[in-house]
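Q: give me a 3D structure for the following:
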Amino acid sequence: MKALVETLADVLRQGQKAVLCGIVDDSGSSPRSSGARMLVFADGTFTGSIGGGAVEGACLNEAAALLHAPEKYRILSFELTAAQSAESGMVCGGGVTILLQCLTSGDLPLFEDALNRRDTPMLLTVIPAAGAAPFLALWTTADETAAPLPAALRTQLARKAATRRPFRLETEDTRVLAEPLSPPVTVHVAGAGHVGRAIAHLAHFTGFDVVVLDDRPEFANAGRFPQAREVRVVKNFQDCLGSLDADDYVVIVTRGHLHDRHVLAQALCTRAGYVGMIGSRSKRESVYSSLLEEGFTQADLDRVHSPIGLDIGAETPEEIGVSVVAELVAVRAGRA
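A: Residues are numbered from 1 along each chain as shown. Below is the predicted model:
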């Protein structure tokens, strides 16, 4: 979501309009849930997605009309039966409510404020009682009263302050969609070989920032990793990680067990939100035994995903990449 806000702010700075489309409610089986977003620009182009298919097409048409209409917003509801869903390819027997908001340069201060904050604000889409216009607001734990919300909703927001995924709140007369503007999770890929390259490519494709580390410049270079935010040639793997926090994931796929062990020992001394190491179970036990002798605890080792990735029978570098990145996505979504 933060990347979409950055794009939106750039457009508004140029004095152009854009329509922000977002799913604010969903029921049944739908391809995207509340919080899915799409931006539609004055030239007819768009970025993001609210699920594709007939419903997204209808929203694109409505957004184009809204750019030239006097009103600032439209709320669209779609309900499809299973039979209709099969024909449209959109909602599998469910429904969605989509809010379209036409934004101008007058809305820019809100988004610049969101981008300039050092903390992680939540972008709130507030839909008041029938008849009142929806509006956007920012909320942070440091300024809980900034958004004009009922006290009950502010209390619920405070309880979910650490959440990374969009969520909905509701009272009798107000609905709120809360979207944390968290920075992308950074995946630190230790190892720039074939497997590391596949993981880096797929991680970028699925919305992660990517940093690649290796001690071989012929492998660790921008030519092999054009989509990585940073490709770093390290002197050795014994001192290659700095301070990491919960928004940092460490993927250990170096060319040898000893290098893997060095990186793992460093990763376990950080607050990284994910630590995974490639290799067989026998290799894992050998590495674990040496780390226990060094003073690490079983609780430390329980943090490690090893063998790394989901068990899908992966063999090729590309298949292993799919397995590993699928696990990263699951962890980011709170499913693993």
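
Q: which parts of the stretch 1-150 of the chain are strands?
A: Taking DSSP state E, counting those that start in this stretch as the test, the strands found in the stretch 1-150 of the chain are 18-29, 37-41, 46-48, 73-79, 92-103, 122-127, 135-139.

Q: reformat the ones you listed as a markdown table; add mean neighbour count.
A: For the C-beta atoms, the positions are set from N, CA and C on the backbone; glycine is no exception. Converted to a markdown table, those look like this (neighbours: other Cβ atoms under 10 Å):
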| stretch | mean neighbour count |
| --- | --- |
| strand 18-29 | 20 |
| strand 37-41 | 22 |
| strand 46-48 | 17 |
| strand 73-79 | 15 |
| strand 92-103 | 20 |
| strand 122-127 | 22 |
| strand 135-139 | 18 |
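
Q: switch those over to TSV; also include distance to Gly57 and mean pLDDT.
A: TSV is the format used below for the strands of the stretch 1-150 of the chain (distance: least, Cβ to Cβ, whole Å; pLDDT from 0 to 100):
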stretch	distance to Gly57	mean pLDDT
strand 18-29	12	87
strand 37-41	11	96
strand 46-48	11	95
strand 73-79	11	91
strand 92-103	12	86
strand 122-127	22	92
strand 135-139	25	91
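
Q: possible to save those strands as JSON lines with distance to Pro150?
A: Converted to JSON lines, the strands of the stretch 1-150 of the chain look like this (distance: least, Cβ to Cβ, whole Å):
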{"stretch": "strand 18-29", "distance to Pro150": "18"}
{"stretch": "strand 37-41", "distance to Pro150": "25"}
{"stretch": "strand 46-48", "distance to Pro150": "30"}
{"stretch": "strand 73-79", "distance to Pro150": "21"}
{"stretch": "strand 92-103", "distance to Pro150": "20"}
{"stretch": "strand 122-127", "distance to Pro150": "10"}
{"stretch": "strand 135-139", "distance to Pro150": "13"}
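
Q: ok, which of these comes nearest Ala192?
A: strand 46-48 (30.3 Å; Cβ to Cβ).

Q: what is the closest one packed up against?
A: helix 2-13, strand 37-41 (3 or more Cβ pairs under 8 Å, 6 or more residues apart in numbering; DSSP states H and E).

Q: ok, and what's touching it?
A: Residues from elsewhere that reach strand 46-48, judged by Cβ atoms under 8 Å, 6 or more residues apart in numbering: 4, 7, 21, 36-40, 60, 63.

Q: go again with 6 Å.
A: 4, 37-40 (Cβ atoms under 6 Å, 6 or more residues apart in numbering).

Q: picking that back up, now for the strands of the stretch 1-150 of the chain, which one comes closest to Pro307?
A: strand 18-29 (32.7 Å).

Q: how far out from the middle of the chain is that closest one?
A: The chain centre lies 17 Å from the centre of strand 18-29; the measure is Cα atoms, centre = their mean, to the nearest Å.

Q: tell me what angle it forms with strand 122-127.
A: 80 degrees (axes from the mean of the first three to the mean of the last three Cα atoms, to 10 degrees).

Q: the chain should start at 829 in everything you say after this.
A: Got it, the first residue is 829 from now on, which makes the last one we talked about strand 846-857.

Q: strand 846-857: partners in the sheet, and parallel or antiparallel?
A: Strand pairing for strand 846-857, using DSSP bridges, gives strand 865-869 (antiparallel), strand 920-931 (antiparallel).

Q: centre of the chain to the shortest one, how far?
A: Right, the one you point to is strand 865-869. 17 Å.

Q: now the angle between helix 830-841 and it, please.
A: 20 degrees.

Q: TSV for the strands paired with strand 846-857, including distance to Glu1058?
A: Formatted as TSV, the strands paired with strand 846-857 follow (distance: least, Cβ to Cβ, whole Å):
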stretch	distance to Glu1058
strand 865-869	27
strand 920-931	33
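
Q: wait, which of these is closest to Gly1149?
A: strand 865-869 (27.0 Å).

Q: hmm, who's touching that closest one?
A: 832, 836, 846-850, 874-878, 891.

Q: now, which of these sits nearest Phe995?
A: Gly850 (13.3 Å).

Q: what's the closest of the strands of the stretch 829-978 of the chain to Gly1051?
A: Closest among the strands of the stretch 829-978 of the chain, using Cβ to Cβ: strand 874-876, at 27.4 Å.
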